[in-house]
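K.L.:
Next comes the sequence, and after it the predicted model I'd like to discuss.
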Amino acid sequence: MSQETFDKFYPRYIKERENIAAQLDKCKLGISNPEEAIQYALSLSSKLPMVWHSSDAGMKEKLQKLIFPEGIVYDRKNEALRTGKVNEVFALIASLSGNSTSNEKGTNHTDDDLSPFADQTGLEPATSAVTGRHSNQLNY
């Protein structure tokens, strides 16, 4: 590229770059007070069973979406509830809380793949053995 061509287009590209940078700055999501947000998450996670039990259906749905952003699905083949992903914040809290078990070989590991707030059967107790019926939706 010749110096003449460079000098001709350089100011235009600098302006475009500045405009793009300004637009990107507007898109940045930030937390104004991360310490407060972390404290709130810790507080909520420590009393989650109580909050779940005392909440109405609308609040339970919000909690579900907060903790399991990809949702909770019913696996008909295995007749079990499954969660694709646990919210990163709640997964980290669970891993830091020391929830570990021993496997058959006697080595410890953290139950990263399990929900830190529910028994292995899920948020609601398994009832198919008692009633003989299966539901593909959570009951509130």
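P.N.:
Now that the structure is in, tell me what you want to look at. Every value quoted in this text rests on a predicted model; they were computed, and no experiment measured them. Numbers count the residues shown, from 1 in each chain.
K.L.:
drop to CA atoms for contacts and neighbour counts, all remaining ones
P.N.:
Noted.
K.L.:
how about L63, what does it touch?
P.N.:
Each residue near L63 by C-alpha atoms under 8 Å, 6 or more residues apart in numbering is listed here: W52.
K.L.:
I'd like the mean pLDDT over stretch 6-16, please.
P.N.:
If you average the pLDDT over stretch 6-16, you get 91.
K.L.:
what sits up against that stretch?
P.N.:
Stretch 6-16 has contacts (C-alpha under 8 Å, 6+ apart) with no other residue.
K.L.:
which stretches of this structure form helices?
P.N.:
Residue ranges of the helices in the chain, as given by DSSP state H, are 3-27, 34-46, 48-54, 57-67, 88-96, 128-131.
K.L.:
What does the residue nearest to G84 when sequence neighbours are not counted show for phi and psi?
P.N.:
Distance criterion C-alpha to C-alpha, 6 or more residues apart in numbering; nearest residue to G84, sequence neighbours excluded, is E70 at 6.0 Å. The phi and psi values for E70, taken as degrees, to the nearest 10, are phi -90, psi 0.
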